[in-house]
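> Structure here, sequence nowhere to be found:
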């Protein structure tokens, strides 16, 4: 049978480990108790033998007769119930026996006699045939105790006792263990079930709550306990994950809505112009004007689609970038050159400057990157600066080489960005006010800054914007250079 749930596995392992531990403990307890009981039983036999020796030695006449071998017929004596006593000579003749033995003698084997004569008291359990002849049912345990006089063996004292009481106590212990161990294992299983239930109830609650969270109910969260335990940390981790999922869903919905809106506007304009053109016959100049407007809207749609595809490739990791050694100063010069014509239409000047930390001009800042991607970033940033700058103003592009990185600043004195809009300028399709909307004077897609930030970060750099409403905006770009220890600049060309 395959165990499927963790709860069942824990209970099963708990019961198995507890059962094995308890069984080993019970077996060890039984073994130690049996050994100790046998030792105590033998000790009682040895004490009885010593008592009989003391009794014999206390009667000097009896002891003299035993030593002298003057007793020819076994003496009958009462040594108490459940004790079978026999005193024999070294030659094996019975000198004295307890009345319970009647006419039956306790056995003495040559091996036992040899050990006894070697100053050893010998313990043995009599075989069942001998025991049956003496007492009927049961087992006899016997000690043979030698008595010496002036280092000479004089006689042997044998004491035997029925082991029924010992066996009865061992039987009771076995019954106790056979009953108590399964009951203890059963209690452990029930206890394990209770503990597992208490331990996994919060997990079950988490599962039920997590199942209820769907795309329509992303605002639901798991309850977190007041104690900082594993379940609380799990709930907190899952809640953080749900927050990210909810934010991702929100951004996806917003992205879909914004993209639909951005595409709807030029399509509506394009459809309206075509319908107007088809409504009535017009002059060729009017058709040319309508077609030019239609081409402009189609280009706008194409730009939006291209930027959406770029974002999709960036997020999926499919946009490949070839990082090769390139000159950042040349890329900046190229971007200034490509946007100068657009800036000149509004009499806006663009100055490009290179300064090191001391303020001196220098050349050739080298880094590893994708030239086309970085060029598109700087053209987009300059395009934004031109759009939102005042006529007859100046835009500064400043390159500041550093020890391990290079900083680029694009500074304009345009309309600026309001403080409440500044945290959202890198959001997709976000434009701060009407002047930055598709209905204003400066039409854009609202995707350029988001793409630029992603591309700069993909090069290991950072992009941030500082702006004051009505005073202008400064774009800060930080990019790592291929240099260790000092700025990457070659000597000025001759």
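Arrived safely. As the structure is a prediction and not an experimental result, all values here were calculated from the model.
> quick one: low-confidence parts of the stretch 351-494 of the chain?
Across the stretch 351-494 of the chain, the ranges flagged by pLDDT under 70 are 356-363, 428-446, 483-494.
> how about the helices of it, start to end?
Chain-ordered helices for the stretch 351-494 of the chain, with DSSP state H, counting those that start in this stretch as the definition, fall at 371-387, 448-458.
> just the stretch 51-200 of the chain next, same as before
With DSSP H, counting those that start in this stretch, the ranges of helices along the stretch 51-200 of the chain come out as 60-68, 110-117, 128-135, 164-212.
> ok so, going back, among the helices of the stretch 351-494 of the chain, which is nearest residue 308?
Set against residue 308 and scored by CB to CB, the helices of the stretch 351-494 of the chain come closest in helix 448-458, at 10.0 Å. C-beta: built from backbone N, CA, C; applies to glycine.
> ok, residue 300 to residue 267 distance?
10 Å (CB to CB, to the nearest Å).
> So which of those two has more stuff around it?
Legend: neighbour count by other CB atoms under 10 Å for residue 300 and residue 267, higher for residue 300 (21 against 14).
> does the more buried one count as helix, strand or coil?
Reduced to three states with DSSP: H, G, I helix; E, B strand; the rest coil, the structure at residue 300 is helix.
> could I get the helices of the stretch 351-494 of the chain as TSV with distance to residue 342?
Listed next are those as TSV, based on distance: least, CB to CB, whole Å:
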stretch	distance to residue 342
helix 371-387	6
helix 448-458	14
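> one step back: let me have the helices of the stretch 51-200 of the chain in TSV, adding mean pLDDT, distance to residue 148 and mean neighbour count as columns.
Conversion of these to TSV gives the following (pLDDT from 0 to 100; distance: least, CB to CB, whole Å; neighbours: other CB atoms under 10 Å):
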stretch	mean pLDDT	distance to residue 148	mean neighbour count
helix 60-68	65	11	13
helix 110-117	86	9	15
helix 128-135	75	27	15
helix 164-212	87	30	13
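> I'd like those laid out as CSV, including distance to residue 460.
Converted to CSV, the helices of the stretch 51-200 of the chain look like this (distance: least, CB to CB, whole Å):
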stretch, distance to residue 460
helix 60-68, 110
helix 110-117, 92
helix 128-135, 93
helix 164-212, 37
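> which one of those helices lies closest to residue 400?
Within these, the stretch nearest residue 400 is helix 164-212; the backing value is 50.5 Å (CB to CB).
> what angle separates that closest one from helix 128-135?
Inter-element angle recorded for helix 164-212 and helix 128-135: 120 degrees (by axes from the mean of the first three to the mean of the last three CA atoms, to 10 degrees).
> In three-state terms, label the nearest residue to residue 213 once chain neighbours are set aside for me.
Excluding its sequence neighbours, the residue lying closest to residue 213 (CB to CB, 6 or more residues apart in numbering) is residue 220, at 5.0 Å. Using three-state DSSP, the secondary structure recorded for residue 220 is coil.
> just checking, residue 220 touches residue 210?
No: applying CB atoms under 8 Å, one finds residue 220 not in contact with residue 210, separated by 9.0 Å.
> The closest residue to residue 219 other than its chain neighbours: which element?
Spatial nearest neighbour of residue 219, excluding adjacent residues (CB to CB, 6+ apart): residue 246 at 7.0 Å. Secondary structure assignment for residue 246, by DSSP states H and E: helix 230-279.
> Next, the angle from that helix to helix 164-212.
Using the same axes, to 10 degrees, helix 230-279 lies at 20 degrees relative to helix 164-212.
> Now find how far off-centre helix 230-279 is within its chain.
Here helix 230-279 shows a centroid-to-chain-centroid distance of 36 Å under the convention CA atoms, centre = their mean, to the nearest Å.
> Show me what that helix is packed against.
With contacts defined as 3 or more CB pairs under 8 Å, 6 or more residues apart in numbering; DSSP states H and E, the packing partners of helix 230-279 are helix 164-212, helix 284-316.
> I'd like the ones you listed written out as a markdown table, with distance to residue 233 added.
Compiled in a markdown table, these are given as follows (distance: least, CB to CB, whole Å):
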| stretch | distance to residue 233 |
| --- | --- |
| helix 164-212 | 12 |
| helix 284-316 | 30 |
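> Share the number of residues neighbouring residue 336, please.
Counted by other CB under 10 Å, the residues lying close to residue 336 total 19.
> And residue 448, by the same measure?
Applying the criterion other CB under 10 Å, we find 18 residues in the vicinity of residue 448.
> Could you do the one 3 residues further on as well?
Neighbour count for residue 451, taken as other CB under 10 Å: 21.
> before we move on, what about the one 10 residues further on?
Here the neighbour count serves as a burial measure; for residue 461 (other CB under 10 Å) it reads 21.
> Show me what stretch 14-32 is in contact with.
173, 174, 177, 181, 184, 185, 188, 189, 192 (CB atoms under 8 Å, 6 or more residues apart in numbering).
> Spit out the contact partners of the first one.
Going back to what we said before, that points to residue 173. When the contact criterion is CB under 8 Å, 6+ apart, the partners of residue 173 are 30, 33.
> again, 10 Å this time
Shown here is residue 173, whose contacts under the criterion CB atoms under 10 Å, 6 or more residues apart in numbering are 26, 29, 30, 33, 34, 37.
> What sits closest to residue 46 if chain neighbours are left out?
Skipping the residues right next to it in sequence, residue 46 comes nearest to residue 143 by CB to CB, 6+ apart, at 5.7 Å.
> and what of residue 472?
Nearest residue to residue 472 in three dimensions, chain neighbours excluded: residue 413, at 4.1 Å (CB to CB, 6+ apart).
> and the nearest residue to residue 322 once chain neighbours are set aside, backbone torsions?
Leaving aside its sequence neighbours, residue 322 sits nearest to residue 370 (CB to CB, 6+ apart; 5.3 Å). According to degrees, to the nearest 10, the main-chain angles of residue 370 amount to phi -100, psi 110.
> tell me the contacts of residue 370?
The contact partners of residue 370, by CB under 10 Å, 6+ apart, come to 319, 320, 321, 322, 323, 324, 326, 376, 377, 455, 458, 459.
> Name only those of the residues you listed that count as buried.
Buried residues within the contacts of residue 370, defined by neighbour count using 16 or more other CB atoms under 10 Å: 319, 326, 376, 377, 455, 459.
> got these as CSV, with distance to residue 256 columns?
Formatted as CSV, the entries for the buried ones among the contacts of residue 370 read as follows, by distance: CB to CB, whole Å:
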residue, distance to residue 256
319, 21
326, 36
376, 25
377, 26
455, 23
459, 29
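> Now flag whichever of those is closest to residue 134.
The nearest member of the buried ones among the contacts of residue 370 to residue 134, counting by CB to CB, is residue 319 at 103.1 Å.
> What about residue 50, how many residues nearby?
Residue 50 - counted by other CB under 10 Å - has 15 other residues nearby.
> what's the model's confidence in the host helix or strand of it, averaged?
Using DSSP H and E, the secondary-structure element containing residue 50 is helix 6-58. Regarding helix 6-58, the rounded mean pLDDT is 89.
> With stretch 224-242 instead?
Mean pLDDT, stretch 224-242: 80.
> Kindly report the same for stretch 299-310.
Mean pLDDT, stretch 299-310: 76.
> Check what pLDDT the residue nearest to residue 213 gets.
Residue 220 carries a pLDDT score of 77 in this model.
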